[in-house]
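# below are the sequence and a predicted model; questions follow.
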Amino acid sequence: MSVLFSLMISYGIGMIPLSQFILGMGYHRRMGRYPGVAGRRVLEAVIDILKGMLATYIGLHLGGWIGASLSALGVVLGHTYPLIMLKGVNRGSSAVAAGALFVLSPLVITIGLIVFLVSLLLTRYVTFSTLLTIPVVVLVTLFLSAKFLVVTITFCLAGVILFRERNSVKRWRRGAELPFRFK
C-alpha cells in the first residue's frame with residue numbers, strides 16, 4: 001500500500017511545473033541580475049533535478065527500493081504526461097529523470113552528467129548531448145548497478161525520454177535547433 005501511495009505522490013509532484021512557477025514569480029531575481037536564456041535553462045534544469053530527487057527520496061522512505069524505483073518512474077511520467085497540461089510549459093523530462101536516478105544510483109548519473117556536459121561544451125546542442133548521454137547511462141547502469149530494479153527503471157526512463165524527445169530530434173536534424181549559448 002505504501003508503494004502505491006508513493007507512486008501517486010511522485011506522479012503528483014511530477015505534474016507540478018515547479019521551475020515555471022518559481023522562475024515565473026521572479027524568485028530568481030533576488031539572486032542578482034536577471035539571467036539570460038542560458039541561465040534560465042540551467043535554473044530550470046536544477047529545479048527539475050531537485051524535483052526528481054525529492055519524489056524518489058519520498059518513495060525510498062515510504063516503500064524502500066521498490067517504492068523509490070516506482071516513484072522515479074512516476075515523477076518522470078507525471079512531469080512528461082501530466083493530467084492537466086498547462087499552456088506554454090516546457091515538459092522536457094531529462095532533468096527530472098537525472099534527479100530520480102541520482103537517488104537510485106549516484107555514480108551512474110554523475111558519469112552521465114559528465115558525458116552530458118562535455119558533449120554540450122563540444123557541440124553546444126542540448127538534443128545531441130541528451131541523445132549521447134542516454135545510451136551511456138544505460139550501459140553504465142548495466143555494468144555498475146547491482147540492483148535489477150534500478151536497471152529496469154533506467155531502461156524505462158530512457159524509453160520515456162527517447163519517446164518524448166522524438167520531435168526535438170527531428171528539429172535538430174533539420175537544423176532548426178539553436179545552439180546553447182553560455183552567456
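Nice, I can see it.
# going by C-alpha atoms from here, please, whenever you check contacts or count neighbours.
OK.
# who touches stretch 110-128?
102, 129-130, 132-134, 136-137, 165, 168-169, 172, 177-181 (Cα atoms under 8 Å, 6 or more residues apart in numbering).
# for it, buried residues please.
112, 113, 115, 116, 117, 119, 120, 124, 125, 126, 127, 128 (16 or more other Cα atoms under 10 Å).
# element containing the first one?
The one in question is residue 112. helix 106-123 (DSSP states H and E).
# so for that helix, mean pLDDT?
What helix 106-123 shows for mean pLDDT is 92.
# and it, how far out from the chain middle?
Centroid separation between helix 106-123 and its chain, computed with Cα atoms, centre = their mean, to the nearest Å, is 13 Å.
# of the contacts of stretch 110-128, buried ones?
Counted by 16+ other Cα under 10 Å, the contacts of stretch 110-128 give 102, 129-130, 132-134, 136-137, 165, 168-169, 172, 180 as buried.
# return the subset of those lying in helices.
By the criterion of DSSP state H, membership of the buried ones among the contacts of stretch 110-128 in helices covers 102, 129, 130, 132, 133, 134, 136, 137, 168, 169, 172.
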